[in-house]
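*Asks:* what's the 3D shape of this:
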Amino acid sequence: MLREPHDTATTDIQETVFVDCTLRDGEQAAGVFFTHQEKLAIADLLDALGVDILDAGMPSVSEDERRTIEALLERGYRAKIAGTVRALKSDIEVAVRCGLKHVFLFMPVSSQHLKHKFGITLRDAIPVIENAVGFATSQGLNVSFVAEDSVRADPIQLASLFDRVSEIGAQSAIVCDTVGVMSPDKIEKYVCTLRMHMQSGIMLGIHCHNDYGLGTANTLAAVSAGCQMVTATVNGLGERAGNAHLEEILCVIEDICGVKLRMNRSVLPRLCMKVAIASGVFFPPTKPIVGMNVFRHESGVHVDGMLKDRCTYESISPEGLGRQHEFVLGKHSGRGLVETLLIRRNIEARPETVARILKRIKQTKEARDKTPFLEMAENLNRFWADHLSFPEADFWKIADEELATDSQEIGEKRNYVQTNTG
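*Replies:* Predicted coordinates:
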């Protein structure tokens, strides 16, 4: 991602490539699926935002997945379209047939994953990885090697593996906190140790999950330590507690790290809402960057400060996100907002009148029935139970029908054999 000059840049963050994984890792969140049209609409907005690479999915999953990937390749995006493949020749061949030029090739590297998933060690896995990366590059693919569960593997051993995949032709290697067990200081130390023992100049990437709510923080720490490729998802959508949040990372790098990116931040509210609606995983009003309350103020002290200088209680500019400030009347309102609203209509009121208006506002707010809160909670729980699950009753209906079909076919074959051999 190219950057424009920025006078206040005070960070050593290097050139960064942004990879969005919403269409693949985001869709792997339990109960979530995107339709073909939803994937195209989300991808349109991601390209408008300015991400560099879209991880469009796993071509080996289904014919529908391949059809969507092919459709994305035809849209002429500025962003590159990539697919995710296992370290299998068959997966790579399917990616090539789809027309992909970029793949994320993944394989576990921790003893925990290798032992329990495959019954092998890292020494056994290395030839598999070498053969897969070699075959993929021989097919003309640009390969990013994704080291699943990296942070529970020895960084010194991983350094040697990354050097090897670079020698074979991989363009980047991605460090993964697959189960979200790192903290910012630990991930920074891990990446620094990894880089210290690497001989190649292969680009390093980072992929963090959010099990402890540290996905974004860990990603930023890894970037500061030298990772140049960032992977994230919109709204942090993903398995379990999700992934690092794309919208948060972008805004932190620009606003806090002082690095100007060529990103169209005004797209973020539409993009985040599109993903929320398509996934059924909605975000709260307090969601950073795009939540409804991010630029809304009720507290009298805060409103007074905002009326005097907007920077008093806001660090993010709403205009860049296509939004604006908003003041909300309620239990914690102060005289300043009441007076401001009256003045806007050229109304002058005595202090005691302002006080009476303010008192009634607070009484009205506190007298409101909270039954709708309970109803909303029940509705959401019912919605998620229905739509982010697959009812066991439906499973047994399908299973019984298919088992009955098998039984009928077996019976027909048995009758045929008896009739023609009797």
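*Asks:* May I have stretch 50-63 as PDB, with CA atoms only?
*Replies:* Provided in PDB are the C-alpha atoms of stretch 50-63 (Å, rounded to 0.1, in the frame of the first residue of the first chain):
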ATOM      1  CA  GLY A  50      -8.300   0.400  -1.000                       C
ATOM      2  CA  VAL A  51      -7.200  -2.900   0.400                       C
ATOM      3  CA  ASP A  52      -4.400  -4.600  -1.500                       C
ATOM      4  CA  ILE A  53      -5.400  -8.200  -1.500                       C
ATOM      5  CA  LEU A  54      -8.800 -10.000  -1.100                       C
ATOM      6  CA  ASP A  55      -8.700 -13.500   0.300                       C
ATOM      7  CA  ALA A  56     -11.700 -14.600  -1.700                       C
ATOM      8  CA  GLY A  57     -12.100 -18.100  -0.200                       C
ATOM      9  CA  MET A  58     -11.000 -21.700  -0.600                       C
ATOM     10  CA  PRO A  59     -11.500 -23.000  -4.200                       C
ATOM     11  CA  SER A  60     -11.600 -26.600  -3.000                       C
ATOM     12  CA  VAL A  61     -14.700 -25.900  -0.800                       C
ATOM     13  CA  SER A  62     -17.400 -26.100  -3.500                       C
ATOM     14  CA  GLU A  63     -18.500 -25.300  -7.000                       C
END
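*Asks:* tell me the SS of residue 239?
*Replies:* coil (DSSP: H, G, I helix; E, B strand; the rest coil).
*Asks:* Got the phi and psi for it?
*Replies:* phi -70, psi 150 (degrees, to the nearest 10).
*Asks:* Grab the nearest non-local neighbour of it.
*Replies:* Leaving aside its sequence neighbours, residue 239 sits nearest to residue 28 (CB to CB, 6 or more residues apart in numbering; 5.2 Å). Yep, even glycine has a C-beta here, placed from its N, CA and C like the rest.
*Asks:* Hmm, residue 238 and the one you found touching each other?
*Replies:* Yes - Residue 28 lies in contact with residue 238 (CB atoms under 8 Å); the separation is 6.6 Å.
*Asks:* more neighbours, these two?
*Replies:* Between residue 28 and residue 238, residue 238 has the larger neighbour count (other CB atoms under 10 Å), namely 27 against 17.
*Asks:* quick one, what contacts the residue nearest to the more buried one when sequence neighbours are not counted?
*Replies:* Of all residues not flanking residue 238 in the chain, residue 25 sits nearest, at 4.9 Å (CB to CB, 6+ apart). Listed by CB atoms under 8 Å, 6 or more residues apart in numbering, the contact partners of residue 25 are 55, 231, 233, 237, 238, 239, 243.
*Asks:* Number of residues surrounding the last one?
*Replies:* It refers to residue 243. Other residues close to residue 243 by other CB under 10 Å number 30.
*Asks:* counting contacts, what elements does the helix or strand that contains residue 97 pack onto?
*Replies:* Assigned by DSSP states H and E, residue 97 falls within helix 89-98. Using 3 or more CB pairs under 8 Å, 6 or more residues apart in numbering; DSSP states H and E, the elements in contact with helix 89-98 are helix 63-73, strand 80-86, strand 102-108, helix 122-138.
*Asks:* residues touching residue 213, list them.
*Replies:* Counting by CB under 8 Å, 6+ apart, residue 213 makes contact with residue 241.
*Asks:* Quick check: pLDDT value at it.
*Replies:* You'll see residue 213 listed with a pLDDT of 98.
*Asks:* mind checking how far it is from residue 25?
*Replies:* Residue 213 is 17 Å from residue 25, where distance means CB to CB, to the nearest Å.
*Asks:* looking at the chain, which helix or strand does the model trust least?
*Replies:* Within the chain, no helix or strand scores below helix 392-421, which has a mean of 79 by mean pLDDT, DSSP states H and E.
*Asks:* Per the annotation, how does this structure divide into domains?
*Replies:* Under the assignment automatic domain parsing, the domains of the chain span 17-279, 296-369, 372-421.
*Asks:* Out of the ones you listed, which gets nearest to residue 288?
*Replies:* Closest of the domains of the chain to residue 288 is domain 17-279, at 5.5 Å (criterion: CB to CB).
*Asks:* Start and end of that closest one, how far apart?
*Replies:* Distance between the boundary residues of domain 17-279 (CA to CA, to the nearest Å) amounts to 26 Å.
*Asks:* quick one: that domain to chain centroid distance?
*Replies:* 10 Å (CA atoms, centre = their mean, to the nearest Å).
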